[in-house]
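Chemist: Structure for this input, please:
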Amino acid sequence: MHYPQENIKPYGTDGKKSEQVEQMFDNIAPAYDMLNHTLSLGIDKSWRHKAIRWLKPFHPQRIMDVATGTGDFAILAYKMLQPAQLIGTDISEGMMNVGREKVKKEGLSDKISFAREDCTSLSFADNSFDAITVAFGIRNFEDLDKGLSEMCRVLTPGGHLVILELTTPDRFPMKQMFYLYSKIVIPVLGKLFSKDNRAYRYLPQTIQAFPQGEVMKDVISRAGFSKVEFQRLTFGICTLYTATK
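Modeler: Next up, the predicted model:
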């Protein structure tokens, strides 16, 4: 299937979405962490903790953090879960270079590695990981179905998937407040701090276009996952999806 956000590109209609997304994140990498925490008012940290706590009872030893960006989720996952192997994958070397520096400062360079990977065509063998996480990156996939199918392929039978994604609240007054925030505040602050105003127009557009709730639950199920559940967080600004292979 095709989904509306797959047709939204940061820099116009020409060229592949994945290439434009890579360019965009390379451009905004230096300012990404500050803007991310500022725009979410710091609430994103509690969302990450909640997602990782869901994995804790399963004690995953081989974890891949897809669309790892600057590595915040990977670092927290390692600290909370202490796996034997944790690899962060992304298409943006600019973002991962920031992540590598953070991992180095934390003294975790021998624990967390990074690799450039296209999520729709992963280089790993079948059944390579016990858990896969994706935090705030899945709506940037060029092919959502293919990306989910690839993650299912490289998970071990009984392995777990955790997705955190920004979503649009569906109830008054948060729905109206979030609309104004995403249309006005995010683009203005994004242009001010990152110098790439197109990036922070693109990001709110993909949040609104991305499938969420029951629709996203069905999408994940069709990719081969079972026990798919979701939970809306902070009035629906973010949604946590969990599933098992």
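Chemist: which stretches of the chain aren't confidently modelled?
Modeler: In the predicted model, the chain carries no residue with pLDDT under 70.
Chemist: Show me where it has its helices.
Modeler: Counting by DSSP state H, residue ranges of the helices within the chain are 17-39, 44-55, 72-81, 93-105, 144-154, 174-180, 186-194, 199-209, 214-222.
Chemist: Now render those as TSV, adding distance to residue 11 and mean neighbour count.
Modeler: Every residue, glycine included, has its C-beta placed from N, CA and C. TSV is the format used below for the helices of the chain (distance: least, C-beta to C-beta, whole Å; neighbours: other C-beta atoms under 10 Å):
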stretch	distance to residue 11	mean neighbour count
helix 17-39	5	18
helix 44-55	25	17
helix 72-81	25	21
helix 93-105	15	18
helix 144-154	20	20
helix 174-180	24	14
helix 186-194	14	17
helix 199-209	8	20
helix 214-222	26	16
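Chemist: Switch those helices over to TSV; also include distance to residue 160.
Modeler: Written out in TSV, the entries for the helices of the chain read as follows (distance: least, C-beta to C-beta, whole Å):
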stretch	distance to residue 160
helix 17-39	25
helix 44-55	6
helix 72-81	11
helix 93-105	23
helix 144-154	11
helix 174-180	29
helix 186-194	31
helix 199-209	25
helix 214-222	12
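Chemist: of all those helices, which lies closest to residue 162?
Modeler: Closest approach to residue 162 among the helices of the chain (C-beta to C-beta): helix 44-55, 5.1 Å.
Chemist: Which strands or helices does that closest one pack on?
Modeler: Applying 3 or more C-beta pairs under 8 Å, 6 or more residues apart in numbering; DSSP states H and E, one finds that helix 44-55 makes contact with helix 17-39, helix 72-81, strand 129-135, strand 155-166, strand 238-244.
Chemist: Turn the ones you listed into JSON lines, columns for distance to residue 97.
Modeler: Shown next, in JSON lines, are those (distance: least, C-beta to C-beta, whole Å):
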{"stretch": "helix 17-39", "distance to residue 97": "7"}
{"stretch": "helix 72-81", "distance to residue 97": "14"}
{"stretch": "strand 129-135", "distance to residue 97": "18"}
{"stretch": "strand 155-166", "distance to residue 97": "23"}
{"stretch": "strand 238-244", "distance to residue 97": "26"}
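Chemist: of these, which approaches residue 185 most closely?
Modeler: For the helices and strands packed on helix 44-55, distance to residue 185 was read as C-beta to C-beta. The smallest value, 7.6 Å, belongs to helix 17-39.
Chemist: Please save the CA atoms from the closest one in CSV.
Modeler: Taking Å, rounded to 0.1, in the frame of the first residue of the first chain, the C-alpha atoms of helix 17-39 are listed here in CSV:
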residue,chain,number,x,y,z
LYS,A,17,12.3,10.7,-0.6
SER,A,18,15.1,8.7,1.1
GLU,A,19,17.8,10.8,-0.5
GLN,A,20,16.1,14.1,0.5
VAL,A,21,15.5,12.8,4.0
GLU,A,22,19.2,11.9,4.3
GLN,A,23,20.2,15.4,3.1
MET,A,24,17.7,17.1,5.5
PHE,A,25,19.0,15.2,8.5
ASP,A,26,22.6,15.8,7.5
ASN,A,27,21.7,19.6,7.4
ILE,A,28,20.0,19.8,10.7
ALA,A,29,22.2,17.3,12.7
PRO,A,30,24.1,19.9,14.7
ALA,A,31,20.9,21.6,16.0
TYR,A,32,18.7,18.5,16.1
ASP,A,33,19.1,17.5,19.8
MET,A,34,18.5,21.0,21.2
LEU,A,35,15.5,21.5,18.9
ASN,A,36,14.0,18.1,19.6
HIS,A,37,14.1,18.6,23.4
THR,A,38,12.9,22.2,23.1
LEU,A,39,10.0,21.5,20.8
